[in-house]
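1. Just to be clear, the model below is a prediction. Sequence and coordinates:
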Amino acid sequence: MGKRGLSMRRKESIYGYIFILPFIIGFIGFTAGPLLFSFAGSFTDYNITSQMEFIGVENYQTLIVEDGLFRTSLWNTLYYVLLSVPLTTLGAIFLSALLNQDVPGIRFFRTLYYLPAILSGVGVYLLWMQLLEPGTGMVNLVLGWVGIDGPNWLFDPDWTKPSLILMKLWSVGGSMLLYLASMQGVSKSLYEAAEIDGASRWRQFIHITIPMITPVIFFDVVTSLIGGFQIFQEAYIMSGNGEGGPANSLLFYNLYMWNQAFENFDMGYAMAMSWILFVIVFILTVINLKLAPRWVHYEGEDK
Amino acid sequence: MKNMKTLLITLIGLGLILSGCAGFQTSNNDKESVNEDGKIVVDFWTFWGSEIRRPVVDKIVEDFNASQDEIEVKHTYSPWGDIWTKELAAIAAGNPPDVVINDINATALRGKEQQAMNLSEFYDDSFSEKFYPELWNATLHEGDSYGIPFNTDTRVLFYNKDAFEEVGLDPEDPPETWAELEEYAAKLDVKNGNSYDRLGFYPLWGVGYDVWLLNANGENYFGPDHNTDTVNINTEKNVEVLNWLKSWKDRIGEDVVNSFQAQIDSQQGNPFFSGDLAMIVQQPTFYTQIRDYAEDLNFGVVQLPEYEEGNGHTSWGGGFVAEIPKGSSDPEAAWKFIEYLTGAESQEYWAVKNFDNVANIEAAEAAAESDELTEQGQMVYQMAVDSMEDTLLTPAPVAAPSYFNYINPQVDEFFLGSKTAEEALAKAQSDVEALIEKNQ
Amino acid sequence: MDKPEEKTAYLDEPEKLQTISKTGFFQHRGNRNNMWRVFNFVLLAAGSLLILSPLWWMFATSLKTMAEVMSYPPSFFPESWEWGNYIRTWQVAPFTTYTINTLTITTLVVIGSVLANSFIAYGFAKIPFRGKNVWFAIVLSTMMIPGFVTLIPQYVLFSKLGWVNTYYPLIVPHFFGSAFYIFLLRQFYMTIPTELIEAAKMEGASHFYIWWKIGLPLTKPALATVAIFSFNGAWNDFLGPLLYLNDENLYTLQLGLAVFKGQLDTQWNYLMAGSLLVLLPVILLFFFFQKYFIQGINLQSGGK
């Protein structure tokens, strides 16, 4: 890098900005305004339609000092993220490893495993409510075959969040796709070299496949962390009447925020909540980014 | 680079073609809402898109349009629930529709937040008498109505007459009090090991604990005026009711309760249809499901039992209103349509065609005697009309719109066994009081 | 951090990296490999049952009468196979129009997403410039703010542009990139050897040329992923069309499906039939798009 002249660097800079220009235009045009508005709104008593009074940091103060439901929702969300992110990441890697092999009907299998990721909407959640039914539901039925007395899933506050994680695991095919795309990029010659050295399949997986797909693992962890904090619809539908029950065990951050914004019309409060969430997620992402060089291996990077 | 040029040209070409399509024609949001014939266009949004409801609402709109020559109502369907998010966005952007069907329980709140228009300039005192008073009152904020009641519901007890007969109960003499309800339910139970071949009754399917509290108290937590000065959550009677409800769960067993509950929650496979459940509390419109999905079922319907004799058959209901969102381009025309929509003629048509409870008293009473209903249909509808007299609504009080978010979790914990009824209600009481104080 | 030796042992041998393997990995393997393949197959087949059983339930429901759907306990096989449900479903609402509308939106969104995101991602991954980290942080930040709080101001913005009741709000933003895909493609571009790009630059190629001629081909599997994801996203989008489309003639399939889900009365058989019909194009697309994964050119071989 040091060899390059100033003009070269400047030229590169101009190029860089040309390439990211679409994003900058889109950001300024469509996103920045609403974001700034919501930031400003978080310092007001804002009801969407008729009132927007500046009240300083009162929203933030109430949230942090007084609001017990805010704490509950934050805790629920953290619990969900901490459990679901590692499980779905491992699940997706494992699945894509299986699907990256040459077995008969592989195209069929890939399509099949991807299916749950395309299914969306209320129907799927109601379907799972039936599958998770404690008495005759299929999940407990299958567990019964192997001698496990299944839990009460969506009726037991200790099991509601694991229920959602189970459902999430079912549709792990979405991130499977990412890993599959990434594994396709791993040179076959690497495996051949390893084969010559007599490395076992497991060692090849650990020492070649995994390091080569770390950029995507990193991507998956960061985005599912961000996405995990925003879990909403599952809880909205599956907690019966959308209140986050039983016993507030499904009252996730965004669900509580939704209720504040669109049931109580206390949008200013919801906006303050969203910025607190932003700070939390931002810090976690920065930590992730800082840790990344320790384990993420970019083949194309300068050594 | 050649590829890139071809691509660009294709894209531009595509863009030009598409700009001719309807979805790509921008309009500059002018408030002009007059159609080619010079009629004022009233945008009317509902969530009635199903093949049963849609033709009925479309017919009402059509009749209205035919009845006069100044206004043309344009009905647009939008998905249930989400329609109100859309409405809110449209109000915020200053370009809302003119009439929207919305939830009666938040009408006063929307009035306070100035999302809905104050309708008091349009109606006189006699107008309100057309509707059930409980419904009308729910639409008031500081004495003015912000939405005109359209339809409503109540809760009644459906019971399986054959099952009654089988165990020696008189099918024409359904339970009148809580004590009888319990007694009958026990008789109707058919136990089979740990499970039930038939379950008599479980109070929390179809309705929540709050309906039983309402039934026992004859009023909601905030008294008859929904005035949040008094909060009656942690009362001796409420403790007693909760413990009574819990005793059902303890007797029947948690597994059985959960299993049936999941089935009912998923809105499919109702055990009442198959005779596996002998009694259930439901809206009167439940009748249409029996009619369509379990035609052989020999059932009866009765008002909710009384807490004690003479306590009253208090039931619970909700409903929908027609409101004019703030910013509507022509409120006078919108009101004309609302008047028609909530008038006796349209209301009776709606009631009969949909088998739905309507807010207009005259229409409701006429519907109960309508020849278009079967004898059974008339019987259920009459029961609904009777029950409406004893039906209370629980509109969101403006000082604590989300109060139930503080009560429900506590009651959940009680039913799960981690709190006593006293503890749960005491916490709920103090949380709700704190909420009211915060919002004042 | 000191990496374990094995981890990079194979990566540091450029000759091996450059070797193009014409023969597949599996073809010349012995018995041990066959055993593995059988094991793999059995595992996948067993897993398929787990995936399929909920789908079976959807399928079975779609073929029942409502009376059977509401019967208790639920039946595993439909009593009479009501194939007519599929025709009825299609007729309840103008689904043909909805399909055309949805296809129009989706096609444009996919084109926009693939082009814009890969262009932007190349900039972030392969061009050093001042302020890059700040801008990248901004990209990521746009994912972190819950959409609920920007939903209303964004609607107001599009309303001011006169875009309400048009497809523009559903399409145009996709031509300016979105954080998820930018980040994803950046990760893939990062694995392209810098030497490759330096070499092309030495020969006088501009970044545009390199992006178009080297970047795009090398990231085909990732682009296919973006195409599938964005197709899926636009196809299944509910909130966007809900908010922005007022004219029922402009509605999309997801809005159409909502017709079956009422306040109290849900027509489960139609809802499931409709959901499966709507799913079909996505499944077909995925099935045939897969060749981009299977034939995914690996970085070392494709770069030459």
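-> Arrived safely.
2. where does A:I148 fall, phi/psi-wise?
-> A:I148 adopts backbone torsions of phi -100, psi 130, taken as degrees, to the nearest 10.
3. if I look at it, how far off is chain C?
-> To chain C, A:I148 is 15 Å away according to CB to the nearest CB, to the nearest Å. From N, CA and C alone the C-beta is placed, and that goes for glycine too.
4. Near that residue, how many other residues are there?
-> A:I148: 10 surrounding residues under other CB atoms under 10 Å in any protein chain shown.
5. Can you give me the distance of it to B:Y293?
-> 35 Å (CB to CB, to the nearest Å).
6. do B:T46 as well
-> In terms of CB to CB, B:T46 sits 25 Å off from B:Y293.
7. Which one's more surrounded, the two?
-> B:T46 (24 against 17).
8. Assess the claim that the more buried one and B:P79 are in contact.
-> No. The pair B:T46 and B:P79 does not pass the contact test of CB atoms under 8 Å, sitting 10.7 Å apart.
9. Please name the nearest non-neighbouring residue to whatever residue of chain A ends up closest to chain B.
-> As assessed by CB to the nearest CB, chain B sits closest to A:G135 within chain A, at 2.7 Å. Nearest non-adjacent residue to A:G135, counting by CB to CB, 6 or more residues apart in numbering or on different chains: B:S259, 2.7 Å away.
10. which one's the longest helix in chain A?
-> Counting by DSSP state H, the longest helix found in chain A is helix A:68-99.
11. Counting neighbours, which bits of it end up buried?
-> In terms of neighbour count (16 or more other CB atoms under 10 Å in any protein chain shown), helix A:68-99 has its buried residues at A:69-70, A:72-74, A:76-77, A:80-81, A:83-85, A:87-89, A:91-93, A:95-99.
12. which element follows that helix toward the C-terminus?
-> Next in sequence after helix A:68-99, counting helices and strands by DSSP states H and E, comes helix A:106-118.
13. and stretch B:336-348, how far apart are its ends?
-> Using CA to CA, to the nearest Å, one end of stretch B:336-348 lies 18 Å from the other.
14. Could you list which residues are in contact with residue 213?
-> Looking at chain A here, since you left the chain open. A:I93, A:Y179, A:S182, A:M183, A:V186 (CB atoms under 8 Å, 6 or more residues apart in numbering or on different chains).
15. um, chain B though
-> Neighbours of B:L213 in contact, by CB under 8 Å, 6+ apart: B:Y221, B:N238, B:V241, B:L242.
16. mind checking how far the nearest residue to the last one once chain neighbours are set aside is from chain A?
-> In space, and not counting its chain neighbours, B:L242 is closest to B:A421: 4.2 Å by CB to CB, 6+ apart. The span separating B:A421 from chain A equals 15 Å under the rule CB to the nearest CB.
17. picking that back up, okay, angle between the longest helix of chain A and helix A:106-118 too, please.
-> 170 degrees (axes from the mean of the first three to the mean of the last three CA atoms, to 10 degrees).
18. What number of residues are in the vicinity of B:L425?
-> 23.
19. So it sits against B:I233, correct?
-> Yes. Counting by CB under 8 Å, B:L425 does reach B:I233; the two are 5.6 Å apart.
20. B:D125: neighbour count?
-> With other CB under 10 Å as criterion, B:D125 counts 6.
21. list the contacts for it?
-> Contacts for B:D125 (CB under 8 Å, 6+ apart) come out as none.
22. Which other helices and strands does the helix or strand containing C:M272 contact?
-> If you go by DSSP H and E, C:M272 is part of helix C:268-289. For helix C:268-289, the elements it packs on are helix A:106-118, helix A:122-131, helix C:31-62, helix C:66-69, helix C:84-92, helix C:220-236, helix C:253-257, judged by 3 or more CB pairs under 8 Å, 6 or more residues apart in numbering or on different chains; DSSP states H and E.
23. if you compare those, which one is most tucked away?
-> helix C:253-257 (a mean of 25; mean count of other CB atoms under 10 Å in any protein chain shown).
24. Enumerate the residues of the stretch 151-300 of chain C near chain B.
-> C:151-152, C:155-156, C:159-168, C:208-209, C:212, C:238-239, C:242-243, C:246-250, C:255, C:258-268 (CB under 8 Å from any CB of the partner chain).
25. quick one on the thing from earlier: nearest to B:S430, out of the helices and strands packed on helix C:268-289?
-> Set against B:S430 and scored by CB to CB, the helices and strands packed on helix C:268-289 come closest in helix A:122-131, at 33.0 Å.
26. Now that closest one: average pLDDT?
-> When pLDDT is averaged along helix A:122-131, the result is 78.
27. gap between it and the chain center?
-> 21 Å (CA atoms, centre = their mean, to the nearest Å).
28. before we move on, what about stretch C:99-114?
-> The chain centre lies 12 Å from the centre of stretch C:99-114; the measure is CA atoms, centre = their mean.
29. Is that stretch positioned near chain B?
-> Yes. On the criterion CB under 8 Å from any CB, stretch C:99-114 is in touch with chain B at C:N101, C:T104, C:I105, C:L108, C:I111.
30. And these, which two are furthest apart?
-> Pairwise distances across the residues of stretch C:99-114 next to chain B peak at 16.6 Å for C:N101 and C:I111 (criterion: CB to CB).
31. Comparing these two, which shows the higher neighbour count?
-> For C:N101 versus C:I111, the count of surrounding residues by other CB under 10 Å is larger for C:N101: 24 against 19.
32. Low-confidence regions, chain C specifically.
-> Applying pLDDT under 70 to chain C picks out residues C:1-32, C:293-304.
33. Tally up the residues packed near the residue nearest to A:G135, please.
-> 22.
34. what's the answer for the one 3 residues further on, then?
-> Counted by other CB under 10 Å, the residues lying close to B:A262 total 23.
35. so where do the strands sit in the stretch 1-150 of chain B?
-> Using DSSP state E, counting those that start in this stretch, the strands of the stretch 1-150 of chain B run over B:40-46, B:71-77, B:99-103, B:140-141, B:144-145, B:148-152.
36. ok so, going back, got TSV for the helices and strands packed on helix C:268-289, with distance to A:T49 too?
-> Output for those, formatted as TSV (distance: least, CB to CB, whole Å):
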stretch	distance to A:T49
helix A:106-118	37
helix A:122-131	28
helix C:31-62	40
helix C:66-69	40
helix C:84-92	34
helix C:220-236	30
helix C:253-257	25
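37. Relative to B:I91, which of the ones you listed is closest?
-> helix C:253-257 (20.2 Å).
38. Tell me if that closest one is near chain A.
-> Yes. Looking at helix C:253-257 against chain A by CB under 8 Å from any CB, the contacts come from C:Q254, C:L257.
39. Give me the helices and strands touching that helix, please.
-> helix C:95-126, helix C:220-236, helix C:239-244, helix C:268-289.
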